[in-house]
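> No sequence on hand, only this structure:
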């Protein structure tokens, strides 16, 4: 993946998580992956299209998703959730949207132009995602609520 | 790739979590000879069809096998390669039939009467028949039972052998026949091979053996297999430098030198630790590795650049590290192709190195004169001009993964192949072959050679440049 794309995603994930969850965020080692990979349980996916094409996937365990959504809701003085209901799903989608949105804004400033698709949330047990032909950058983020893996796969349009 | 840093980078390249999980790479890959072949434990990861050939048991992946057959009547086709036994009419479909003994360079048996035992294999999209001595049975084995064989321990190239599998009390040689046939079927390079003195029809194995033993012997060296094997083990273990036909010539030469040095110091030839291995490999790196190429090297590269018809010239530089070689390449290409659009794709799996590539800055005296006009002053240092930067796309990329690099005219891949495991070397070479246009040029490390590979033709010995044929 183009080097210039890496930092905007890492930075915006860090900033948004820190801001929304009001806690310490630790970034794990970045790495590359190109094979089919299991989804932890809940995955929000945002598509990118324009000069480049690709997608960003936010992957976490179901209980992490519930805790993260609760923390975000509480920060806005709303009721926390105990199951992954509509409110929870909407919250996780919003988180994915904010992180991707901020990253794309940074990339726009650098001269790369592309648009986002609305986020979609996938949840279930034993899911696997495979997109052949794209190498994905994995940005693991550790927050007190658990681990969120941000999986960025972008390629130049031929 | 900067050879000096390569030692730090290599462990990550080879077994770090940054690449692929251990489950998919297999912990036994490499030179762990004493890993031992464990007994099957009832689990089946791979199902193989086994057969015997010249007293040895072989296995092929069952998924590759369409059916076992008895060839009733083979029709000979005149003027084919010696290993082509003929063609067979398989229920109306004409299938070429290969004599595996001939292909694998095994002693010929007195040909038995028809019908002859054989297998019909899927080969990419087509079918191919092979003659074996006897089709044995189908066995299921767990992945742990498979051990990669030692690259120099077998009489021939490792290319077509994907591993050794222990099952019950037998050892099966696992054949990767697609590999054998793809190479042999490709590019009509047969004549080329004959020119190089390897008889047509012999598998690449023959050339490898010649390179490893015979050829070296003729040059008057006394490198023994034993020493070569132990040094290869040491290099793989400590230095992640894997001895294969790509670098065997250098290893043999260096081993001779090494014996002399060690003889004077009265120490053993074996590489006992990392320092030994580093000392041994000290002369391996190419000229101007990891920095801007000097004018002499640059001129040599310009001399091998191919003629390009279209308006765009693409180049690929995997393992570019901090990208200085990619910058040199872009400058030279813009000199060589002044009226064309130059695009260089440069990638590395070292995140720190590649992250600094787009904004690298250098002291003025580290920049050769021919590159000076492509730089701008920033404070006390020089950075590359926007025009030059726009020619290069730096990617955080692992060469063993999928890539979107477009068809390229030039590819610079110096000192990278040798630090990949033997299987991965083959994969990457195939990928390079796919990526480079016919007539395009591949530059490998100065101590790496592709003479054993019929897909390439040497254009410069000095800088180890090869043309895709």
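Here it is on my side, so go on. Here the structure is a predicted model, which means the values were calculated and not measured.

> what's the pLDDT at the closest residue to chain B within chain A?
Nearest to chain B in chain A, going by CB to the nearest CB, is residue A:34, at a distance of 3.5 Å. (Each C-beta comes from the backbone N, C-alpha and C, glycine too.) pLDDT recorded at residue A:34 is 79.

> Nearest spatial neighbour of it, chain-adjacent residues omitted?
Excluding its sequence neighbours, the residue lying closest to residue A:34 (CB to CB, 6 or more residues apart in numbering or on different chains) is residue B:401, at 3.5 Å.

> That neighbour against residue A:135, yeah?
Yes - the pair residue B:401 / residue A:135 is scored as a contact, 4.4 Å apart, by CB atoms under 8 Å.

> Of those two, which one has the most company?
Ranked by neighbour count (other CB atoms under 10 Å in any protein chain shown), residue B:401 and residue A:135 place residue A:135 first, with 23 against 18.

> Next, the more buried one: phi, psi?
Here is the backbone geometry of residue A:135 (degrees, to the nearest 10): phi -100, psi 130.

> for chain B, what are the nearby residues on chain A?
Contact residues (CB under 8 Å from any CB of the partner chain) of chain A with chain B: A:1-4, A:6-7, A:29-35, A:132-135, A:137, A:155-156, A:158.

> Pull out the buried members of those.
Among the residues of chain A next to chain B, those scoring as buried are A:1-4, A:6, A:30-34, A:134-135, A:137, A:155-156 (criterion: 16 or more other CB atoms under 10 Å in any protein chain shown).

> Please flag which of those residues sit within strands.
Among those, DSSP state E puts A:31, A:32, A:33, A:137, A:155, A:156 in strands.

> which two of the residues you listed lie the greatest distance from each other?
A:31 and A:156 (21.0 Å; CB to CB).

> Looking at the record's assignment, how would you partition chain B?
In terms of domains, chain B is parsed into B:46-141+B:161-193, B:203-281, B:295-468 (source: automatic domain parsing).

> Residue 58 pairs with what?
Answering for chain A, as no chain was given. For residue A:58, the beta-bridge partners are residue A:44, residue A:150 (DSSP bridges).

> actually chain B
Note on residue B:58: beta-bridge partners residue B:51, residue B:173, judged by DSSP bridges.

> Okay, the residue nearest the centre of chain A and residue B:47: tell me how far apart.
Here the mean C-alpha position of chain A is nearest to the C-alpha of residue A:58 (CA atoms, centre = their mean), at a distance of 3.1 Å. Plainly put, residue A:58 is 38 Å away from residue B:47 if you go by CB to CB, to the nearest Å.

> now the helix ranked longest in chain B, how far from the chain's geometric center?
Using DSSP state H, we find that the single longest helix of chain B is helix B:248-265. Distance of helix B:248-265 from the chain centroid (CA atoms, centre = their mean, to the nearest Å) equals 24 Å.

> Stretch B:332-346 now?
So, by CA atoms, centre = their mean, the centroid of stretch B:332-346 is 27 Å from its chain's centroid.

> and the longest helix anywhere in chain A, which residues are buried?
Ranked by number of residues, the top helix in chain A under DSSP H is helix A:86-109. For helix A:86-109, burial by neighbour count (16+ other CB under 10 Å) applies to A:87-89, A:91-93, A:95-100, A:102-104, A:106-107.

> on contacts alone, who are the packing partners of the helix or strand following it?
Using DSSP states H and E, the helix or strand that follows helix A:86-109 in sequence is strand A:114-116. Counting contacts by 3 or more CB pairs under 8 Å, 6 or more residues apart in numbering or on different chains; DSSP states H and E, strand A:114-116 packs against strand A:42-50, helix A:86-109.

> can I assume residue B:331 is in contact with residue B:374?
Yes - with contact defined as CB under 8 Å, residue B:331 reaches residue B:374; the gap is 5.4 Å.

> Look at the residue lying closest to residue B:403 once chain neighbours are set aside and say how many residues are nearby.
Spatially, and ignoring its direct neighbours in sequence, residue B:403 is nearest to residue B:397 (6.1 Å; CB to CB, 6+ apart). Using other CB under 10 Å, residue B:397 has 27 other residues around it.

> Which residues are in contact with residue B:397?
A:1, A:32, A:135, B:318, B:347, B:348, B:349, B:403 (CB atoms under 8 Å, 6 or more residues apart in numbering or on different chains).

> Need the max-distance pair from the buried ones among the residues of chain A next to chain B.
Maximum pairwise distance in those, criterion CB to CB, is 21.0 Å, between A:31 and A:156.

> low-scoring stretches of chain A, by residue?
Where chain A drops to pLDDT under 70, the residues are A:132, A:158.

> measure residue B:305 to chain A for me?
Look at residue B:305 and chain A: by CB to the nearest CB, to the nearest Å, they are 24 Å apart.

> Cross-check the contact I'm expecting between that residue and residue B:336.
Yes - using CB under 8 Å, residue B:305 is in contact with residue B:336, at 4.9 Å.

> was I right about residue B:166 contacting residue B:145?
Yes - between residue B:166 and residue B:145 there is a contact under CB under 8 Å: 5.1 Å.

> which of these two has more neighbours?
Between residue B:166 and residue B:145, residue B:145 has the larger neighbour count (other CB under 10 Å), namely 23 against 18.

> Residue in chain B with the shortest distance to chain A?
Counting by CB to the nearest CB, chain B gets nearest chain A through residue B:401, at 3.5 Å.

> which residues does the closest residue to residue B:137 other than its chain neighbours contact?
Leaving aside its sequence neighbours, residue B:137 sits nearest to residue B:50 (CB to CB, 6+ apart; 5.9 Å). Contact partners of residue B:50, counting by CB under 8 Å, 6+ apart, are B:57, B:58, B:59, B:135, B:136, B:137, B:138, B:139, B:172.

> What's the ChimeraX line that selects buried ones from the residues you listed?
Command for ChimeraX that selects the buried part of the contacts of residue B:50, burial taken from 16+ other CB under 10 Å:
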select /B:57,58,59,135,136,139,172
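
> Reformat the contacts of residue B:50 into TSV and put pLDDT and distance to residue B:384 next to each item.
Output for the contacts of residue B:50, formatted as TSV (pLDDT from 0 to 100; distance: CB to CB, whole Å):
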residue	pLDDT	distance to residue B:384
B:57	89	58
B:58	90	54
B:59	90	53
B:135	87	62
B:136	87	62
B:137	86	63
B:138	87	59
B:139	88	58
B:172	88	55
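
> number of nearby residues for the residue nearest to residue B:449 when sequence neighbours are not counted?
Spatial nearest neighbour of residue B:449, excluding adjacent residues (CB to CB, 6+ apart): residue B:249 at 5.5 Å. Using other CB under 10 Å, residue B:249 has 19 other residues around it.
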